[in-house]
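**Q** kindly return the folded structure for what I paste below:
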Amino acid sequence: QVQLVESGGGLVQPGGSLRLSCAASGSIFSIHTMGWYRQAPGKQRELVADTQSGGSTNYADSVKGRFTISRDNAKNTVYLQMNSLKPEDTAVYYCYSSLFSRTHGAWSDFWGQGTQVTVSS
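**A** This is a model prediction of the structure:
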């Protein structure tokens, strides 16, 4: 069984910073993609950033220049450094990964439970 466990959310003032972490554990053979989505109240879940095993990264236009995604392959962990936070960044942030599970014997997508990020004065 595979688990993604997030940490690092919380309340921050506009202009502040937060760092999210997500560790994947369990019966993992290989990880291709790790990344973050977010969902604000009344809105659809949207991609924030992701990173592939080859090192390439993708960012939503709304976070480019402010957020940085990084990955520690030895720890199966992905990080999201969020700077210059704005109230519109308020959302539940979900970690996800596309990986090959030994249990399933196939590539599958897995999700974390979500962590709340609130940007407010």
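**Q** so how far is stretch 80-100 off the chain centroid?
**A** 5 Å (Cα atoms, centre = their mean, to the nearest Å).
**Q** how about it: buried residues?
**A** In terms of neighbour count (16 or more other Cβ atoms under 10 Å), stretch 80-100 has its buried residues at 80, 82, 85, 89-100. To be clear about C-beta, it is placed using only N, CA and C from the backbone, and glycine gets the same treatment.
**Q** any regions of the chain where pLDDT drops low?
**A** Along the chain, the model assigns pLDDT under 70 to no residue.
**Q** now the residue nearest the centre of it, which residues is it bridged with?
**A** Central residue check for the chain by Cα atoms, centre = their mean: the C-alpha nearest the mean position is that of Trp36, 2.6 Å away. Per DSSP bridges, the residues bridged to Trp36 are Ala49, Cys95.
**Q** circling back: which member of the buried residues of stretch 80-100 is positioned nearest Val5?
**A** Distance to Val5 across the buried residues of stretch 80-100 (Cβ to Cβ) is lowest for Cys95, with 8.2 Å.
**Q** tell me if I'm right that the closest one and Leu4 touch.
**A** Yes - Cys95 lies in contact with Leu4 (Cβ atoms under 8 Å); the separation is 4.9 Å.
**Q** tell me, what's touching these two both at once?
**A** 22, 111-112 (Cβ atoms under 8 Å, 6 or more residues apart in numbering).
**Q** which among those end up buried?
**A** 22, 112.
**Q** reformat the shared contacts of Cys95 and Leu4 as JSON lines; add distance to Thr57.
**A** Shown next, in JSON lines, are the shared contacts of Cys95 and Leu4 (distance: Cβ to Cβ, whole Å):
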{"residue": "Cys22", "distance to Thr57": "15"}
{"residue": "Trp111", "distance to Thr57": "19"}
{"residue": "Gly112", "distance to Thr57": "19"}
